[in-house]
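K.L.:
here's my sequence, what's the structure:
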Amino acid sequence: MKNLSALVLASIIHAGVYAQQPIRVYEDSVSYGKNKYPGVVVTVPEADYEKLQKDWKKELETKTKSKVVIENGEWSIFGANVKNLSPTPVNIYSKLNNLDSLVELRAAVELKKDVYVEKQSTEMLGLQSYLKEFSKNQYLETAGSQLKVEEDTLRQLKKLQSDYEKDESKLKDNIKSAEKSIKEEEDNISALNSELETLISEIGNQNTQLAALTDGSLKNEKEKYLKELDRRKRKLGNDINSSENKIKKAKKEISESEDAIPEKQSLQEEIKVKIAEQEKVVQKYEQKLAVIKTY
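P.N.:
All right, here's what the predicted structure looks like:
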């Protein structure tokens with residue numbers, strides 16, 4: 001049971017908390033084709049690259065019939081609608097670079113033909129805000145998913161604790177039930193032995209009377225009665241044996257339950273430590289999520 005418990009715990013305990021990362025957003029040139037354009041770079045911490053590609057594509061295609069075109073890792077969309085950049089549709093050129101612990105998103109915006117968002121302009125600030133908000137939402141989703149995993153882990157640990165407590169309670173109930181059964185069967189044996197003692201005495205008396213009788217109907221009746229007494233004697237013996245067997249079974253149940261209780265208590269202490277540790281992990285992820293919301 002202990003080995004099984006260790007395997008269960010190992011399967012739901014995760015490694016340390018993913019470290020908090022800042023979102024970096026800054027102006028930089030963006031290469032597209034053979035040219036470079038003024039643009040913005042934003043980091044998306046702990047992002048899943050494939051998911052981010054789908055989400056960025058969905059973001060670009062929101063509120064427009066235009067579709068993203070991807071060639072050699074270069075993204076473009078003509079006629080994108082981004083309110084905080086321009087009241088009219090714009091063209092967006094972008095790239096996604098998958099790095100060790102983050103994805104780097106680079107984007108440049110063409111406001112109209114050959115007119116790009118310039119450095120330190122109002123539109124550039126709008127582009128920075130737009131990309132930072134996208135990154136923040138992605139990071140919030142990632143951290144939220146991480147928190148959910150840890151909360152689920154905590155719930156599983158608490159369920160294990162509850163299961164161990166129920167197991168211990170059931171063992172104690174088994175002991176009480178077995179003790180009650182032993183008392184009942186001991187009382188039953190006492191009553192059966194008393195009845196058997198009376199019956200044996202009666203059989204002795206009847207045998208004495210039978211020996212004094214001559215052949216005839218009275219003797220036949222007496223013999224029949226003795227046979228009935230004998231049958232009752234055998235039944236009482238069987239009933240006593242049955243009660244003794246129930247007592248043995250109950251004592252075995254008590255012994256096994258008493259042996260199992262310390263292990264259940266040990267498992268509960270072990271799980272309490274794990275729960276305390278996991279509660280700290282959950283708290284750290286809650287704090288992480290709260291910090292990201294302030295970005």
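K.L.:
any low-confidence regions in the chain?
P.N.:
1-17 (pLDDT under 70).
K.L.:
switch to 50 and redo it
P.N.:
1-4, 6-8, 10-11, 13, 15 (pLDDT under 50).
K.L.:
which residues in it form strands?
P.N.:
Taking DSSP state E as the test, the strands found in the chain are 25-32, 35-45, 69-71, 74-80, 90-98, 102-112, 115-116.
K.L.:
right, so of the ones you listed, which gets closest to residue 181?
P.N.:
strand 35-45 (63.4 Å; C-beta to C-beta). The C-beta positions use only the backbone N, C-alpha and C, and glycine is treated the same way.
K.L.:
roughly how far is the closest one from the heart of the chain?
P.N.:
How far strand 35-45 lies from its chain's middle: 41 Å, per C-alpha atoms, centre = their mean, to the nearest Å.
K.L.:
next, the angle strand 25-32 makes with that strand.
P.N.:
130 degrees (axes from the mean of the first three to the mean of the last three C-alpha atoms, to 10 degrees).
K.L.:
nearest residue to the middle of this structure?
P.N.:
Taking C-alpha atoms, centre = their mean, the centroid of the chain lies closest to residue 156, which sits 3.0 Å from it.
K.L.:
picking up where we left off before, export the strands of the chain as TSV, with columns for distance to residue 257 and mean neighbour count.
P.N.:
Formatted as TSV, the strands of the chain follow (distance: least, C-beta to C-beta, whole Å; neighbours: other C-beta atoms under 10 Å):
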stretch	distance to residue 257	mean neighbour count
strand 25-32	64	16
strand 35-45	53	20
strand 69-71	66	11
strand 74-80	67	18
strand 90-98	57	19
strand 102-112	55	20
strand 115-116	79	15
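K.L.:
and those strands as JSON lines, adding distance to residue 274?
P.N.:
Formatted as JSON lines, the strands of the chain follow (distance: least, C-beta to C-beta, whole Å):
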{"stretch": "strand 25-32", "distance to residue 274": "39"}
{"stretch": "strand 35-45", "distance to residue 274": "28"}
{"stretch": "strand 69-71", "distance to residue 274": "46"}
{"stretch": "strand 74-80", "distance to residue 274": "45"}
{"stretch": "strand 90-98", "distance to residue 274": "35"}
{"stretch": "strand 102-112", "distance to residue 274": "31"}
{"stretch": "strand 115-116", "distance to residue 274": "56"}
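K.L.:
of all the ones you listed, which lies closest to residue 139?
P.N.:
strand 35-45 (5.5 Å).
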